[in-house]
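Student: My questions concern the predicted model and sequence given below.
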Amino acid sequence: MTLTHAPTLETDRLILRSPVKADAEAVIAFLMDTSRAKGFGGYTNRADSWRWFTLNVGHWHWHGYGYFTIEDKASGKPAGICGIWNPEGWPEPEVGWVVFAGFEGKGYAFEAAQRVRRWAYEDLGLTTLTSNIVPGNTRSIRLAERLGAKYERTYDNPNMGEDMLYRHPGPEAL
């Protein structure tokens, strides 16, 4: 049973879909991995990680968008999350991504982010998107730049502290 009214989006190798209860374990495991989740605001306990998972469900209901679960078509397993994020205190809607352990280095984050960005522009009618990246997260910086995003400014994110805002090309440029 899906937990949101998220559409199902596809790429050649991925299904981007609504989160389901069975996805919670993979998300919680990621969030509690302090080295992997550092740039995502990881947590040190299961209860806070569970709250973030349910926060994403609520985000979908509040905004009509949030993080999709990235499902690997070949294995049927959750490979990460990617979506549009804009909680209280965010400067504007952001396209964000995370790839879980074992699914890195396959281009899944790039593939998912391209598809999510297209959905945000074509279906949601958004005209601009950012990616907010913690300084030092070189992998996310490289991915944002590969997606055509340009560094715009550094700002104080109330949840993450210092964040670098990268601006994505608008729909007319894609």
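Tutor: Now that the structure is in, tell me what you want to look at.

Student: how about the lengthiest helix in the chain: buried residues?
Tutor: When the chain is parsed with DSSP state H, its longest helix is helix 46-63. Within helix 46-63, the residues that count as buried by 16 or more other Cβ atoms under 10 Å are 49-50, 52-53, 56-57, 59-60. Using the backbone N, CA and C atoms, a C-beta is placed for each residue, glycine as well.

Student: In TSV, list these along with pLDDT and distance to Arg146.
Tutor: Below are the buried residues of helix 46-63 laid out as TSV (pLDDT from 0 to 100; distance: Cβ to Cβ, whole Å):
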residue	pLDDT	distance to Arg146
Ser49	95	29
Trp50	96	32
Trp52	95	27
Phe53	97	28
Asn56	97	25
Val57	97	30
His59	97	26
Trp60	98	27
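
Student: Now the two most distant members of the residues you listed.
Tutor: Greatest spatial distance among those (Cβ to Cβ): Ser49 and Trp60, at 18.0 Å.

Student: pLDDT (mean, whole number) over the very next helix or strand once past the longest helix of the chain?
Tutor: Using DSSP states H and E, the helix or strand that directly follows helix 46-63 along the chain is strand 67-72. The pLDDT scores in strand 67-72 average 98.

Student: same thing with stretch 123-141?
Tutor: Per-residue scores along stretch 123-141 average to 96.

Student: Please work out which residues outside it touch it.
Tutor: Applying Cβ atoms under 8 Å, 6 or more residues apart in numbering, the external contacts of stretch 123-141 come out as 7, 38-39, 64-65, 84, 90-97, 117, 120-121, 144, 147, 149, 152, 154, 157, 160-168, 170-171.

Student: cool, stretch 49-58 as well?
Tutor: Here stretch 49-58 has contacts from 3-4, 19, 23-24, 27-28, 31-32, 41, 43, 66-67, 81, 87, using Cβ under 8 Å, 6+ apart.

Student: and those, which are buried?
Tutor: Buried, going by 16+ other Cβ under 10 Å: 3-4, 19, 23-24, 27-28, 31-32, 43, 66-67, 81, out of the contacts of stretch 49-58.

Student: got a list of what Trp60 touches?
Tutor: So Trp60 contacts 3-6, 18, 66 (Cβ under 8 Å, 6+ apart).
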